[in-house]
Each structure stands twice: as C-alpha cells, then as structure tokens.
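Participant: this is the structure alone, sequence omitted:
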DNA sequence: GCCAAAAATGACCGGCCGGTCAGAAATCAC
DNA sequence: GTGATTTCTGACCGGCCGGTCATTTTTGGC
C-alpha cells in the first residue's frame, strides 16, 4: 500500500499561493516561496498542480463563477420584482414604499457583490493591478466595462423616457457607479479587517439615487394621471436604471 | 572629431519604450523589442539610459510632476476664489452665479487633470494595472487614496456644518469621486482617439453636485438670516466639499 | 585619406526561476 | 522486516532577458 499524501498539503499550498499572489503578483510570486511557506519542497508543488499559472487560472475561474452568480441573482430578483409591476416616475418622486423595496433589493445585491470581492481579495488584487501583460490581463477590467455598459444602457433608456437627468452622458454615469466599486474593491485588497460592507452598499445607493434623478421640474408633469390611464404606457416607464447595480 | 549621436535616437527610444510599456507592462516590455522598433541594436539602449527600469522611473517622475501641478493649480485657484468670500448654503440652494463660478473653476481643473491622464496614458496603464510587485507598485494608487481622503475630509467637515447630507460616510463619497476618475483614466489608456474630456469633467461634476447636497428640508432653516448676522459664522460655512475635485 | 573619438553592434554573460525527474523517504499490508 | 507504491526532495535543466563589452562602424576636423 502506498504512501498517502499529507492531508493538508494541497490546501496549504493554495492558501500560501494566494498570499504570495496577492502580495507580489502573478510574476513576482515564486513557486519556491509558496512551497517554503508550507514546509515543502519546490517539486511538491507540481504533485498537486500542473503549473503556477494553472493554479492561478483555477482561482480566477472560481472568482468569476462567484461574480456571475451575483450578476444572475441580481437579474433574477429584479425581474421577479418588476414582473409584479413597473416602477413609475411617481414612485421615484415620492420615494414610495414599493420603490424603497427595490432600493433595498439592489442594496442587498451590492452587498453580496462586495462580499465576493472580500472573499477573493487576493485574486482581485492581481486582476486589478498585476495582470498587465499576462494571459489574465483583461479578465476583471472586461467584466468592469461590461457592467458599466449595462448601467449606461439602462440610464440611456430612462433618459429617453424623461425620468432621468439628460445632461449627463450615460457612459460617465456608468463609469461613476462601476469605478467606485473598483476603488472599493482595491481597498478591500489591502485591508486586514473586514469593513462594514452593508454600510458601503447603502451609501453608494443613496448617492447614486439622488445624483441621477431628474431636476424637480420634471415631476411637475402630471405623471400620475398618465400612468393610471395607459397600462401599456406604464410598461414603457419601467424601473429606474438600477444605477447602483454595478459589479 | 567624434561621431555624433543620431539626432532622434533618444526620443525614438523613449517613444518606443512608452508603446511597449503601455502594451506589455514593465516586466513584459523587452529592451530588444524597444530598440528593434527604432532600428537600433539592443546595446544602443544603454548608451542613452542606465537601465529599463530607470527609464520608466523617469517617465513616472514626469507624470507625477504634471499631476502635482494639477493639484497645486486647483488648490491655488480655489483658495484665491474663497479669499473673496465663502460659499454659503444659500449659494448652494439657489445655485447662485457665484457658486456657478466655483463649479466652473472645479470643472476646468478636472478637465486639466484628465488631460494629464491622456498625455501619460501609457505610463498610467502600467501604474494602474501592471505595477504590482514592482518598485512602482503604490505610486498611482497612493495618489488616488490621498486624493480620496482629501475629498472625504472636506465632505466630513461640511457634514458637521449641516450643509452636506449626513447619511453617507465620507470615505464612500471620496471613493466615488476618485474611483470614477480611475475608471475613466483606465479607459483613456485603451483609446486611440482622444475623447471629449470637457464633457466628462462637466458630467462628473453635475452628478456629484446633486448627489451630495443635503435633502431639501435642510434648506428650510432660515439660513440667509444667519449668514447675515454672524460673519464669523459665515466663515465656518466655507465652501462645499469640492466633491468633484478628484485626481 | 588619416586619425581620434564616439556611436553602434550583437555575441556573450550570468542571474532568475518555472518546471523536471532520478533517487530518497514514507506508508501500509503482509 | 520485506516489498510495492506513492509522496516528496532538491539538484539540475533550459529558456528568458537585462545588461556588458570587445569590436566594428561612423563622423568630422585636418
């Protein structure tokens, strides 16, 4: 009967790799340092993983799956909420209970996304500031820009319907929402203690909410009458751009 | 009499280096590729520069000086503006002509900063996404966080004076302003044609302005009376947090 | 054309480090 | 203790690339 692997070797190597990757980047992290941190030889690394890069690739894919799960959850819950009826300009103007529910939904999803960033903060550190010139170069930045584009497109649609301010290019709005998350994510990478992510999410939502609503004069239009008289028109009114719904 | 250096060699090497650095990062950019792009030998590089890293270091210092000049200009012009009198809550509420002047000043400074980002977009690309594990690792991120802290501190002071919303932690507000710039700067690094930076600056300012003002009920306090009766109190009222005054 | 000086060349050097693999060590059933 | 199997070791290999430097080439004054 053969020798058994040390029960904790693999996990220890993964943990040590994450520490080194987060600290020195993909290129700077050395296999020898990783294995030394576990009291193992350099060659032992390759009993568990095909290469340094493929270990990192596996970590990235895990992170991406967690992030995709966040996007999916947000989409599913938002669609279910709106299936019960759209958010009207009146909801927005008066901050109706129903609108508040939507804001809370978004806030919860934002917090969830920040939780993922916290959990994978070593991987995120590499993807943000250490991936240039590596096969993973665009991974996070592409996800960031996709999300910024989604936010921008929603914002643009609302502008066309006159329920969001029109003096701001949608791209800039999207950049604001997503850029903020980016900086917060980068901060997470350097923190030892976990901050209050709920508070972060709530505050972002509050700023974006107030920052994106149209000027008060917009609501002087008899919006309430309209939404009552034309259900099909109410359909077009949809929800606000979910401006806080960034990665 | 000795041979003269080819007149354009040094400049050509700098240009080629910037292209390679922006594309592949500090580690991925190879001296051999840089020199080949200029039709020179590898050894010729070292006739002009002590090392690859020191060339990049010089570029970084030039960028930092340009950025510091932006910060200084903003500070100087804002102080000169405020030396003629503070911005009052009434200015903010009514968007007075004087307040508009301040917003325009800030907008101009923002545009100027974006111009610097555009000019040094290759260096910025490295500093944002390629500096992990190199001697330049914290360079831009530290400047980013310093600026975010400055914005946050101003915001905090205004909160204490009741002229900015109090439901948002200053750190998050700072992150929003500066994070947006970060993402925009990253976009600049990947653009071939220069975008309309004025428009970007104006839009950011507009979002931040509206997003950060206190709820309308705050202004129901007889603010005008106060500011008239107590000049020393007016001093404390100061300006709004310059929320758009990010890097 | 000659000469001196500097630019320029590119083969070479040596450090770094990911990855390899022959041999050693450990494990467990018998 | 033996034997088979697997884990583990660390010296070694080889590619990469920044930097070096002996040699070649170029330039400009005389």
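Facilitator: Everything's here; your move. The structure displayed is predicted, hence computed values, not measured ones.
Participant: when you work out contacts or count neighbours from here on, use the C-alpha atoms and nothing else.
Facilitator: Will do.
Participant: tell me what the longest helix seen in chain A is packed against?
Facilitator: Ordering each helix of chain A by length in residues (DSSP state H) puts helix A:52-83 first. Packing partners of helix A:52-83 (3 or more C-alpha pairs under 8 Å, 6 or more residues apart in numbering or on different chains; DSSP states H and E): helix A:9-28, helix A:97-119, helix A:121-129.
Participant: ok, which of those helices comes nearest residue B:57?
Facilitator: Shortest separation from residue B:57 across these is recorded for helix A:121-129, at 17.6 Å, computed as C-alpha to C-alpha.
Participant: show me how chain A divides into domains.
Facilitator: A:9-48, A:57-237 (automatic domain parsing).
Participant: DNA strand D is nearest to which of the ones you listed?
Facilitator: Closest approach to DNA strand D among the domains of chain A (C-alpha to the nearest atom of the strand): domain A:9-48, 3.0 Å.
Participant: right, is that closest one up against chain B?
Facilitator: Yes: for domain A:9-48 and chain B, the contact criterion (C-alpha under 8 Å from any C-alpha of the partner chain) is met by A:23-25, A:27-28.
Participant: now flag whichever of the residues you listed is closest to chain B.
Facilitator: Proximity of these to chain B was ranked by C-alpha to the nearest C-alpha; the top entry is residue A:24 with 4.3 Å.
Participant: on that earlier part again, including mean pLDDT, distance to residue B:68 and mean neighbour count, could the helices and strands packed on helix A:52-83 go into CSV?
Facilitator: Supplementary listing: the helices and strands packed on helix A:52-83 in CSV, determined by pLDDT from 0 to 100; distance: least, C-alpha to C-alpha, whole Å; neighbours: other C-alpha atoms under 10 Å in any protein chain shown:
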stretch, mean pLDDT, distance to residue B:68, mean neighbour count
helix A:9-28, 92, 28, 20
helix A:97-119, 90, 32, 19
helix A:121-129, 94, 22, 25
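Participant: Throw the ones you listed into CSV and include distance to DNA strand D, thanks.
Facilitator: Written out in CSV, the entries for the helices and strands packed on helix A:52-83 read as follows (distance: least, C-alpha to the nearest atom of the strand, whole Å):
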stretch, distance to DNA strand D
helix A:9-28, 6
helix A:97-119, 27
helix A:121-129, 19
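Participant: still on that earlier bit, I'd like the mean pLDDT over the longest helix of chain A, please.
Facilitator: Mean pLDDT, taken over the full extent of helix A:52-83, equals 91.
Participant: report whether stretch A:136-145 contacts DNA strand C.
Facilitator: No: residues of stretch A:136-145 are not located near DNA strand C by C-alpha under 7 Å from any atom of the strand, the shortest gap being 14.6 Å.
Participant: surely residue A:49 meets residue A:58?
Facilitator: No: using C-alpha atoms under 8 Å, residue A:49 is not in contact with residue A:58, being 10.0 Å away.
Participant: settle it for me: which of those two has more neighbours?
Facilitator: The residue with more neighbours, out of residue A:49 and residue A:58, is residue A:49; 16 against 12, by other C-alpha atoms under 10 Å in any protein chain shown.
Participant: that one and DNA strand C, how far apart?
Facilitator: Shown here: residue A:49 relative to DNA strand C, a distance of 8 Å by C-alpha to the nearest atom of the strand, to the nearest Å.
Participant: which non-adjacent residue is nearest that residue?
Facilitator: In space, residue A:49 comes closest to residue A:55 once its chain neighbours are excluded; the distance is 6.3 Å by C-alpha to C-alpha, 6 or more residues apart in numbering or on different chains.
Participant: ok, that neighbour - how many residues close by?
Facilitator: Other residues near residue A:55 come to 16 when the count uses other C-alpha under 10 Å.
Participant: and residue A:182, how far from chain B?
Facilitator: To chain B, residue A:182 is 7 Å away according to C-alpha to the nearest C-alpha, to the nearest Å.
Participant: ugh, wrong one, I meant residue A:18
Facilitator: Distance, residue A:18 to chain B, using C-alpha to the nearest C-alpha: 14 Å.
Participant: likewise residue A:136?
Facilitator: 11 Å.
Participant: correct me, but that residue touches residue A:126?
Facilitator: No: under the criterion of C-alpha under 8 Å, residue A:136 lies out of contact with residue A:126, with a separation of 9.1 Å.
Participant: spatially nearest residue to residue A:185, not counting backbone neighbours?
Facilitator: The spatially closest residue to residue A:185, leaving aside those adjacent along the chain, is residue A:117, at 6.2 Å (C-alpha to C-alpha, 6+ apart).
Participant: tell me the contacts of the one you found?
Facilitator: A:124, A:185, A:188 (C-alpha atoms under 8 Å, 6 or more residues apart in numbering or on different chains).
Participant: quick check: the first one touching residue A:189?
Facilitator: Yes: applying C-alpha under 8 Å, one finds residue A:124 in contact with residue A:189, separated by 7.1 Å.
Participant: common neighbours of these two, please.
Facilitator: In contact with both residue A:124 and residue A:189: residue A:22, using C-alpha under 8 Å, 6+ apart.
Participant: and residue A:6, what pLDDT?
Facilitator: 80.
Participant: distance of it from chain B?
Facilitator: 31 Å.
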